[in-house]
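*Asks:* Structure of the sequence below:
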Amino acid sequence: TYTRHGGFLHDADHFDADFFGMSPREAQATDPQQRLLLETAWETIENAHIDPTTLHGTRTGIFTGVMYADYAARLTTIPTPYEGHLGNGSAPSIASGRLAYTLGLQGPALTIDTACSSSLVALHLACQSLHNHETDLALTGGVAIMSAPGVFVEFSRQRGLAPDGRCKPFAAAADGTGWSEGVGLLLVERLSDARRNGHPVLAIVRGSAVNQDGASNGLTAPNGPSQQLVIEDALASARLAAAEVDVVEAHGTGTTLGDPIEAQALIATYGRQRPADRPLRLGSIKSNLGHTQAAAGVAGIIKMVEAMRHGVLPRTLHVDEPTPHVDWSAGAVELLTEQVSWPETGQARRAAVSSFGISGTNAHLILEQAPASTEPETAPAPVTLQPDTDVKAQARETSGPDVLPWLLSAKTEAGLAAQARRLAEHLDAHPDLDTGQVAWALATTRSVLDHRAVIVGDQDRLREGVQALAAGEPHPAVITGHASPGDAGGKTVFVFPGQGSQWPGMGAELMTTSPVFRDHILACEQALAPHVDWSLTDILTSGEAAASLDRVDVVQPALFAVMTGLAHLWRSLGVEPDAVIGHSQGEIAAAYTAGALTLHDATQLIALRSQALTTLAGTGTMAAVHAAPRDLTHLLPDTITVAAVNGPATTIVAGPDHAITALLDECERREIKTRRIDVDYASHSPAIDTITDHITTATTGINPQPTTTPMYSTVTG
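*Replies:* Numbers count the residues shown, from 1 in each chain. Model prediction:
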């Protein structure tokens, strides 16, 4: 070959075989085209807000364009380890079948080879299958990986390749095409089904057509009249006039024979009877990516969908001037040599895409802008059961930063880190991304796999946690785990936090929207009444009373009521805990939820305990240190106690205020992250011993009962 350039996917051999249940030997014997289709199919389905595992057994079809079968053909003999695998691994028909097998899809599975028009023909057939109700959903697109150099050699003999490997569509300097590799898939569905299912719609296929050159001026030569016919058929299918289409993404390979024929066909169909001030815009993505062959059509579709969504028509590269072999004055067609905006005209934006195969099979498809109501959704707003009240508005105004969970899962530990790494890169590229949108997408549009992680926190903590997970480092905001086959059903644990989890306005909205929660709060208020001189409902719903949450004898009973109210709410929705656990005062809420304490006894215990703690006010403080206890031993004086170990790298310390301040200063010098806890006594330290007798005496009449739900103690297990 005389060309030294091409567009290659250098990591096309990288493949997560375990993820798709393939042995390393089978994966090695499988054409990279099939591997790429598997990975891209999974990502495409997830991008549509669908868990791929939920499609198992559905009438989802596969229509893939594949034109190369040279992976195994390179070998003169089959290596022994790969015997029995190479045949299936390199057969084009297996490409679609393997997708259907791996995902459990039961619609039609077709591999289409019409050469360079394969993926657009595949989309045409997928749409027909949907119209005929053979399928309810369809994956369609194409892939091209050149495992052997034959196509370069053969097209060099035909003088069809550009020496510099650059496609120059419709340019005077056009001197041949440039081969590239690529893969692209689309998920298509009937519009009515997409609306009913709440799936995001990026664009609409308005119409399409496929035909053949037939007995033309050469087996592989383009045929202008046939191209005009396929365009006219597509317009008829779309029930549109040519002037109603704004732009054509052309086949545009950059060959001296094909481009002028295609341009004349476009002028004859789209360029006539068109206002001079609204010329048909013309471009080709092959100037950007090269000719991706069986994936070329889907590349053009993706380009036009994104152009519609962003309102921009990209320029075609490498055009010195329009080719003189076309009479551009014969119709209103304008080559996009500069980027231009795609104006809003009050009508839907429309684009056509052409793909012409060297086989003589031509395809033309017309896209239309998605209706505004079916554009990709953001996370749904919280459901409001009753009209907003002043209490709810006040709660929103006084609440702190949102604390959200981000859920990640993968089939391997390395895959989990890779997921986190990709998420971190996405966050870096989109710094203004809404954390709630991310939480919603991760929780509702991804499969739940065996290796799992949850990252909990506000925006900063979430980003820190993602980066730590990607690097394989521990972080207080990150919890990881592995679900064994025996845990397939999952276990549910209610975890009750200690003091410090409160915030002004907590529970206020639930008081107005959840009768279950409200009734429990009222029951707690009645049970607390003999022991306190304040109103629980006032504390939760009154902005003026929010300052009372600074008092330990108020905040602890209030937290107990809110936590146990949430437990009642979950249970009313059918969520039953398999176990409960509590941290610090949260153990009282856990004991009540487990059935060990009655509401009468639990509220008495939390009220009298918190009142006893007021005698310690001003005697100390606490802090959270992001380090393991063993890493702090040499920093802690005798006056500071390890109060709790909240995680592998989170230690809670307690002691006199001056000693804690000195420790925090030292940690800052050592670049150890810390957080002072808003409390004025040293809980979970020897300082508490002074009130032990008082609490024991005050709670003499409390008698724990056998639990109905297992409770795990942070002290005894």
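*Asks:* contacts, neighbours, all on C-alpha from now
*Replies:* Noted.
*Asks:* what about the closest residue in space to residue 433 that isn't next to it in sequence, how many neighbours?
*Replies:* Nearest residue to residue 433 in three dimensions, chain neighbours excluded: residue 427, at 6.9 Å (C-alpha to C-alpha, 6 or more residues apart in numbering). Neighbours of residue 427 under the rule other C-alpha atoms under 10 Å: 17.
*Asks:* where does residue 427 land in three-state SS?
*Replies:* helix (DSSP: H, G, I helix; E, B strand; the rest coil).
*Asks:* Does it touch residue 438 like I think?
*Replies:* No: contact criterion C-alpha atoms under 8 Å: residue 427 and residue 438 do not qualify, at 9.6 Å.
*Asks:* Packing partners of the longest helix along the chain?
*Replies:* In terms of residue count, the longest helix belonging to the chain (DSSP state H) is helix 552-572. Judged by 3 or more C-alpha pairs under 8 Å, 6 or more residues apart in numbering; DSSP states H and E, the packing partners of helix 552-572 are helix 515-528, helix 536-541, helix 586-594, helix 599-613.
*Asks:* tell me the angle it makes with helix 586-594.
*Replies:* With axes from the mean of the first three to the mean of the last three C-alpha atoms, to 10 degrees applied, the angle from helix 552-572 to helix 586-594 works out at 30 degrees.
*Asks:* Report the inter-axis angle for helix 552-572 versus helix 599-613.
*Replies:* Using the same axes, to 10 degrees: helix 552-572 against helix 599-613 is 150 degrees.
*Asks:* What are the contacting residues of helix 552-572?
*Replies:* Helix 552-572 is contacted from outside by 494, 496, 499, 502, 506-507, 514, 516-518, 520-521, 524, 536, 539-540, 548-549, 576, 585-586, 588-589, 592-593, 603, 606-607, 610-611, 613-614, using C-alpha atoms under 8 Å, 6 or more residues apart in numbering.
*Asks:* Please point out which parts of that helix sit buried.
*Replies:* Under the neighbour-count criterion of 16 or more other C-alpha atoms under 10 Å, helix 552-572 has 552-570 buried.
*Asks:* ditto for stretch 279-291
*Replies:* For stretch 279-291, by 16+ other C-alpha under 10 Å, it's 279, 280, 281, 282, 283, 284, 285, 286, 287, 289, 290, 291.
*Asks:* one step back: what helices or strands is the next helix or strand after the longest helix of the chain leaning on?
*Replies:* The helix or strand immediately downstream of helix 552-572 is strand 579-582, counting by DSSP states H and E. If you count contacts as 3+ C-alpha pairs under 8 Å, 6+ apart, strand 579-582 packs onto strand 493-496, helix 586-594, strand 711-712.
*Asks:* How is residue 41 classified with respect to secondary structure?
*Replies:* Residue 41 - assigned by three-state DSSP - is helix.
*Asks:* does it really touch residue 183, like I thought?
*Replies:* No: in this structure, residue 41 is not within contact of residue 183 by C-alpha under 8 Å, at 10.1 Å.
*Asks:* circling back: the helices and strands packed on strand 579-582 into TSV, with extra columns for mean neighbour count and distance to residue 531?
*Replies:* What follows is the helices and strands packed on strand 579-582, written out as TSV (neighbours: other C-alpha atoms under 10 Å; distance: least, C-alpha to C-alpha, whole Å):
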stretch	mean neighbour count	distance to residue 531
strand 493-496	19	23
helix 586-594	26	16
strand 711-712	20	27
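*Asks:* Tell me the first helix or strand C-terminal of the least confident helix or strand in the chain by mean pLDDT.
*Replies:* Ranked by mean pLDDT, DSSP states H and E, the weakest helix or strand in the chain is helix 390-398, scoring a mean of 38. Later in the chain than helix 390-398, the nearest helix or strand by DSSP H and E is strand 404-410.
*Asks:* chain center to that next one, what's the gap?
*Replies:* 10 Å (C-alpha atoms, centre = their mean, to the nearest Å).
*Asks:* Quick check: buried residues in it?
*Replies:* Buried residues in strand 404-410 (16+ other C-alpha under 10 Å): 404, 405, 406, 407, 408, 409, 410.
*Asks:* Same question for stretch 147-159.
*Replies:* Buried residues in stretch 147-159 (16+ other C-alpha under 10 Å): 147, 152, 155, 156, 159.
*Asks:* Please list the outside residues in contact with it.
*Replies:* Contacts of stretch 147-159 (C-alpha under 8 Å, 6+ apart): 1, 2, 3, 70, 71, 74, 161, 176, 179.
*Asks:* Pull the contacting residues for the fifth one.
*Replies:* Put plainly, it is residue 71. 31, 90, 147, 148.
*Asks:* so how far is residue 166 from it?
*Replies:* 25 Å (C-alpha to C-alpha, to the nearest Å).
*Asks:* again with the fourth one
*Replies:* In this view, residue 70 and residue 166 are 24 Å apart by C-alpha to C-alpha.
*Asks:* Counting neighbours, go ahead and name the busier of those two.
*Replies:* residue 166 (28 against 18).
*Asks:* My guess is that one contacts residue 290. True?
*Replies:* Yes: Residue 166 is within contact range of residue 290, at 6.6 Å (criterion: C-alpha under 8 Å).
*Asks:* anything in contact with each of these two?
*Replies:* Jointly contacting residue 166 and residue 290 under the rule C-alpha under 8 Å, 6+ apart are 177, 178.
*Asks:* what about the helices in the stretch 201-350 of the chain?
*Replies:* 224-238, 258-269, 286-289, 296-310 (DSSP state H, counting those that start in this stretch).
*Asks:* Just send those helices back as TSV, with mean pLDDT and distance to residue 446 too.
*Replies:* TSV is the format used below for those (pLDDT from 0 to 100; distance: least, C-alpha to C-alpha, whole Å):
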stretch	mean pLDDT	distance to residue 446
helix 224-238	98	35
helix 258-269	97	43
helix 286-289	97	30
helix 296-310	98	23
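*Asks:* Could you save these as a markdown table and add columns showing distance to residue 712?
*Replies:* As requested, the helices of the stretch 201-350 of the chain are exported to a markdown table (distance: least, C-alpha to C-alpha, whole Å):
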| stretch | distance to residue 712 |
| --- | --- |
| helix 224-238 | 65 |
| helix 258-269 | 74 |
| helix 286-289 | 59 |
| helix 296-310 | 53 |
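*Asks:* among the ones you listed, which is nearest residue 25?
*Replies:* Closest of the helices of the stretch 201-350 of the chain to residue 25 is helix 296-310, at 30.8 Å (criterion: C-alpha to C-alpha).
*Asks:* Alpha carbons of the closest one, as CSV, please.
*Replies:* Once non-C-alpha atoms are left out, helix 296-310 reads as follows in CSV (Å, rounded to 0.1, in the frame of the first residue of the first chain):
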residue,chain,number,x,y,z
ALA,A,296,-19.9,4.6,8.7
GLY,A,297,-23.7,4.9,8.5
VAL,A,298,-24.2,4.8,12.3
ALA,A,299,-21.4,7.4,12.7
GLY,A,300,-23.3,9.7,10.5
ILE,A,301,-26.5,9.2,12.4
ILE,A,302,-24.8,9.9,15.7
LYS,A,303,-23.3,13.1,14.3
MET,A,304,-26.6,14.4,13.1
VAL,A,305,-28.4,13.5,16.3
GLU,A,306,-25.9,15.5,18.3
ALA,A,307,-25.9,18.3,15.8
MET,A,308,-29.7,18.6,16.3
ARG,A,309,-29.5,18.5,20.0
HIS,A,310,-26.8,21.2,20.2
